[in-house]
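Undergrad: turn this into a structure:
(one chain, ligands or ions: 1)
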Amino acid sequence: MSKKFKAIVIDNQNEKFTREIKELSIDALKDGNVLVKIDYSGLNYKDALILNNGGRIVKKYPFVPGIDFSGTVEESKDDKFKKGDRIILTGFRVGEVYFGGFAGYAKVNSSFLVKAPKELTNLQTMMMGTAGFTALLCSFAIKAREELLMGEKVKDVLVTGATGGVGSIAVMVLSKMGYDVHAVTGKKDKHDYLKDLGAKNIIDRKEFQGESKLLEKGIWDGVVDTVGGESLTKILAQTKPGGIVAACGNAGGIKLNTSVMPFIIRGVKLWGIDSSAASMKRREFAWNEAKNLVDFNKLKNLTKEHSLEDLIKIYPKMLKGEVFGRVVVNPNK
Ligand SMILES: NC(=O)c1ccc[n+]([C@@H]2O[C@H](COP(=O)([O-])OP(=O)(O)OC[C@H]3O[C@@H](n4cnc5c(N)ncnc54)[C@H](OP(=O)(O)O)[C@@H]3O)[C@@H](O)[C@H]2O)c1
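TA: This next block holds a predicted model:
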């Protein structure tokens, strides 16, 4: 008899959107050549959109969401993976097109999987999850100013949405890289939290709202922007000559109203980050750097572990910008 496991199943029958915890059997997992027993998944902004109403991302129902997970290989049809291997999965449209991580098991293509570094536990890799992986990619994009582009040394780096998953880990990683991190937040009661992660200075989110000049005083050598919208317009106008803006998110809006001035007068670089489609080489590089750049004791303090049942109650808070730190999901809880 096929093994049973718990999963969040979203459905959209007759235009009525539902999300429920159901018991599924392994036979329900149709895609992929590696069966993984999931230990942990994470709640990301995209997951919250999908749990809310499919987020115009999920097209086929019923569906199991969850864009990332860590776990242990149970069966593999690819020699690169064997039973017992610990793996990480982020992106590749898992949890969007293929059944995802809010479940006890998942079956995925072996080319999507990274072997977990031996220094990190499966809980630690999902304490980071897609958010942490993205924060690393953004931080290395900024470091490229002094390395790849052989430009001036990076000093002042701005992080927007700083108390969020990507933002919190970016603050930690960039300060570990030796930069002065300026954290932008809308949460007045989280200034100490951000300072503890390594932020040197805290800026109110309101400072980045409203009209922006074509060029303002250049302040930032680098920016990790998780917010987009009008704050990104202002950020581009405030970036120093040769500065790099790593844009990964849209928590504040998808529209970008800017001019060519920051690009042609200051050589500002707008560097888009898409963690979902990152190459395997970059994935392995970033995950192996995590042990050097992330303080896992601190990360543990800003992570809360929840069951699938809890997740259904929590995700709306993320859409309202009320979540801070990381939410790890234990499907076996
Ligand atoms: N490109 C990629 O590969 C990739 C990967 C992961 C995530 N993302 C995107 O990155 C963004 C952040 O993801 P996350 O997982 O860190 O989400 P999150 O934990 O919900 O964090 C988002 C943070 O943005 C701030 N925020 C929320 N609403 C805002 C608004 N209306 N205006 C300005 N700031 C607002 C809040 O921080 P404060 O209260 O501190 O301001 C919030 O905590 C999302 O848009 C997500 O889709 C992209």
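Undergrad: let me see the ranges of the strands in the stretch 101-250 of the chain.
TA: Taking DSSP state E, counting those that start in this stretch as the test, the strands found in the stretch 101-250 of the chain are 105-108, 114-115, 156-159, 180-185, 201-204, 220-225, 239-247.
Undergrad: who touches the nearest residue to residue 39 once chain neighbours are set aside in this structure?
TA: Leaving aside its sequence neighbours, residue 39 sits nearest to residue 122 (C-beta to C-beta, 6 or more residues apart in numbering; 4.3 Å). The way it works is simple: take the backbone N, C-alpha and C, and place the C-beta from them, glycine included. Taking C-beta atoms under 8 Å, 6 or more residues apart in numbering, we find residue 122 in contact with 39-40, 70-72, 86, 116.
Undergrad: these, buried ones only, as a ChimeraX selection?
TA: Restricted to buried positions by 16 or more other C-beta atoms under 10 Å, the ChimeraX selection for those reads:
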select :39,40,70,71,86,116
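Undergrad: include distance to the ligand when you put the contacts of residue 122 into a markdown table, please.
TA: As requested, those are arranged in a markdown table below (distance: C-beta to the nearest ligand atom, whole Å):
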| residue | distance to the ligand |
| --- | --- |
| 39 | 20 |
| 40 | 16 |
| 70 | 16 |
| 71 | 20 |
| 72 | 24 |
| 86 | 22 |
| 116 | 19 |
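Undergrad: pipe the contacts of residue 122 into CSV and attach secondary structure, distance to residue 253 and pLDDT per row.
TA: Converted to CSV, the contacts of residue 122 look like this (DSSP: H, G, I helix; E, B strand; the rest coil; distance: C-beta to C-beta, whole Å; pLDDT from 0 to 100):
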residue, secondary structure, distance to residue 253, pLDDT
39, strand, 35, 98
40, strand, 31, 98
70, strand, 32, 98
71, strand, 35, 98
72, strand, 40, 98
86, strand, 38, 98
116, coil, 35, 98
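Undergrad: as a markdown table, the contacts of residue 122 with distance to residue 274 would be great.
TA: Below are these laid out as a markdown table (distance: C-beta to C-beta, whole Å):
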| residue | distance to residue 274 |
| --- | --- |
| 39 | 26 |
| 40 | 23 |
| 70 | 21 |
| 71 | 24 |
| 72 | 28 |
| 86 | 25 |
| 116 | 22 |
